[in-house]
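Colleague: Need coordinates for the following:
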Amino acid sequence: MQRLPRIDAWGLMIIVIAGLLLACTSERSIESNGEERSFVYVSIQQDTVVTIIFDADADTIIDSIRIPEWIGAPYVYADPRRPVVALTTAELRMFRGAEPLPQSIDYYRFAGLGFIEDPDWIVASVSGCLPGGGRTAAYNATDLSQVYSDTLGLLNAQVCEEQGLLFGISSPCDPAEGPIFSLFASYDYGNRRVVETWSIDPDSSGRPPSLWRFRVHPDGRRLYVTTSTRQSHVLVCYDLRERVIIWRQPIVATLGEPRVTPDGKEVWYPDPGWGTPDPYDLVETVTVFDADNGTVLSEISLKDYRVGGEVPVTPRVVRFLPSGKKAYVLGAFNNPGPLLIIDVPSREVIKSFWQEDWRWLFDMDLGPAVD
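Modeller: This next block holds a predicted model:
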C-alpha cells in the first residue's frame, strides 16, 4: 500500500507553481556544425536567479547570467519555431537566445504558457489560487500587447494548436480545504470559451483524484497525467475523445513531468520521489513506458550521478531533441542535482553537468538555436 505524502495541499501547490530562475546575457557569436542546432535553457537557484544556455549539438554551456532583482523561481518556455524564450516569475520577460528583448508583462506567475503560430500569439494562464485570482490571456508575440484576458485559471496549461485548445488543470480554491486540482479543462483560446471540464479516473464512490503534471500526446488524442489519492500515486493514460482510461502505472511522486518522445511511441517519466533517505522514497530513475499500452520498456537508473556521491538524484523534468536522439533530464527536485544527458536509443547517460554553486536546477526547455 502506498504511503501518504508528507506535504499538505498548500505545500504541494507552492512546490508545483513556485519556481526559480531567469536569463539573459551579452550577445555572442556561436558556431556549431551539428544537425540539431538547439539551445537548452536551464533555470538555477543560486544566490541570485540564473539561467544557463547549452548548445545541444556540442553539449557545452555557452552562456549564463545572474538576475539579482528577480524574486522567486521562473518557469522556462521556449518557442519551438524561433530562437525566443519566455521566462516567468513576478513578470514575464522575453529573450532571443541570451539577448533580452524590450517587452515584458507584469503579472504574478504564469502557470502555463504556449506559443501559437496563427495568429502569432502567446497564450498564458495563471492558477486561480494565486494572489489576484485566475487568469488566461492572449498577447501578441511581437510586442506583448494584450489581445484579451479572461478569469479562467489553469495550472500547467499546454497549447494544442491543431485543435485550437488550451488544456490545463482547473484550480479553484475551497475556503476550507484550499486548492482543488481534480478537474481537467479545455479552453478554446480563439473564441474565448471553456469547452469542457471533467474529472479523470474517479474511484468507486465517484471521488476524483488530484491531478498534477500532464502532457498531451502530439496526436491530440491522449493525455498522460500524474494523479494522487490518499492510497496511491498513478500515471494515467487517458483517451481525450472517448473519455476513458487506456492504462495506469504506479509511481512514487506526482510532481515529475511525463514527456512524450518526438515519434510519439514512448512516455518518459522522471520520478522525483520525496528526496529522503527512506528506501521507499528513493527512486532515482527515469521510467520509459510504451505510449500505447503502458508497458515498462526501460528503467534508467541515475544513482551513479549523485552530487558528491551522496545526495540522491531526484529527476523532475525531461526534454528531447527534435530528432529524438538525446534526452535532457534535470536531476534536482528538492535536492541539489545534476543536468544529465541521455542517449535515447541506448538509454545510457552520456554526460553529467554539475557546479558547486548550482543549488537547485528548477526548470528547463529546449528551442531553436540563435544563428
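Colleague: Please make it C-alpha for all contacts and neighbour counts, starting now.
Modeller: Noted.
Colleague: Could I get the full set of helices for this structure?
Modeller: Counting by DSSP state H, residue ranges of the helices within the chain are 9-17.
Colleague: for this structure, where's the lowest mean pLDDT among helices and strands?
Modeller: When each helix and strand of the chain is scored by mean pLDDT, DSSP states H and E, helix 9-17 comes last, with a mean of 39.
Colleague: Got the confidence number for the nearest residue to Asp263 once chain neighbours are set aside?
Modeller: Excluding the flanking residues, the one nearest Asp263 by Cα to Cα, 6 or more residues apart in numbering is Gly324, at 7.3 Å. In this model, Gly324 is scored at 94, pLDDT.
Colleague: What separation do you get for Gly324 and Ile62?
Modeller: Distance of Gly324 to Ile62, computed by Cα to Cα, to the nearest Å: 22 Å.
Colleague: and what of Ala253?
Modeller: For Ala253, the distance to Ile62 - Cα to Cα - is 33 Å.
Colleague: Compare the two and say which is more crowded by neighbours.
Modeller: Ala253 (23 against 14; other Cα atoms under 10 Å).
Colleague: The residue nearest to that one when sequence neighbours are not counted - how many residues pack around it?
Modeller: Residue nearest to Ala253 in three dimensions, not counting chain neighbours: Gly273, with 4.9 Å by Cα to Cα, 6+ apart. Using other Cα under 10 Å, Gly273 has 26 neighbouring residues.
Colleague: Residue numbering should commence at 366 henceforth.
Modeller: Let's use 366 as the start, then, which means that last one is Gly638.
Colleague: what residues are up against Gly638?
Modeller: Contact analysis of Gly638 by Cα atoms under 8 Å, 6 or more residues apart in numbering lists 617-618, 646-649, 679.
Colleague: Out of those residues, who's the most crowded?
Modeller: Thr679 (32 neighbours).
Colleague: Please state the backbone phi and psi of the closest residue to it other than its chain neighbours?
Modeller: With sequence-adjacent residues excluded and distances taken as Cα to Cα, 6+ apart, Thr679 is closest to Pro637, at 4.2 Å. When read as degrees, to the nearest 10, the backbone of Pro637 gives phi -80, psi -10.
Colleague: separation between Pro637 and Leu519?
Modeller: 23 Å.
Colleague: now swap in Thr507 and tell me
Modeller: Counting by Cα to Cα, the gap from Thr507 to Leu519 is 24 Å.
Colleague: who's more crowded, the two?
Modeller: Leu519 (32 against 10).
Colleague: The more buried one: what's it in contact with?
Modeller: 476-477, 490-493, 499-501, 533-536, 550.
Colleague: List the ones among those residues that fall in strands.
Modeller: 477, 490-491, 500-501, 533-535, 550 (DSSP state E).
Colleague: where are the low-confidence patches of the protein?
Modeller: Residue ranges of the chain with pLDDT under 70: 366-401, 411-414, 430-438, 472-474, 493-498, 537-545, 640-646, 698-699.
Colleague: Report back the residue of this structure that's furthest from centre.
Modeller: Ser570 (31.4 Å; Cα atoms, centre = their mean).
Colleague: Quick check: the gap between it and Gly696.
Modeller: In terms of Cα to Cα, Ser570 sits 38 Å off from Gly696.
Colleague: so how many other residues sit close to the residue nearest to Val601 when sequence neighbours are not counted?
Modeller: In space, and not counting its chain neighbours, Val601 is closest to Arg613: 4.6 Å by Cα to Cα, 6+ apart. Neighbour count for Arg613, taken as other Cα under 10 Å: 19.
Colleague: Same question for Glu675.
Modeller: Neighbours of Glu675 (other Cα under 10 Å): 10.
Colleague: In the stretch 466-615 of the chain, mark out all the strands, start to finish.
Modeller: Ranges of strands in the stretch 466-615 of the chain, per DSSP state E, counting those that start in this stretch, are 477-481, 486-491, 500-505, 511-515, 519-525, 530-535, 538-539, 543-544, 548-553, 558-563, 575-581, 587-593, 598-604, 609-615.
Colleague: Tell me which of the ones you listed lies nearest to Pro701.
Modeller: strand 575-581 (21.4 Å; Cα to Cα).
Colleague: Can you list the neighbours in contact with that closest one?
Modeller: Contacts of strand 575-581 (Cα under 8 Å, 6+ apart): 521, 523, 525, 534, 545-549, 587-594, 619-625.
Colleague: got the CA positions of that strand in CSV?
Modeller: In CSV, the C-alpha atoms belonging to strand 575-581 read as follows (Å, rounded to 0.1, in the frame of the first residue of the first chain):
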residue,chain,number,x,y,z
SER,A,575,-6.0,15.2,-7.6
LEU,A,576,-4.2,16.0,-10.9
TRP,A,577,-0.7,17.3,-11.0
ARG,A,578,1.6,17.1,-14.1
PHE,A,579,0.5,16.2,-17.6
ARG,A,580,1.3,16.1,-21.3
VAL,A,581,-1.0,15.7,-24.3
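Colleague: mind listing what that strand pairs with, with the direction of each?
Modeller: strand 587-593 (antiparallel) (DSSP bridges).
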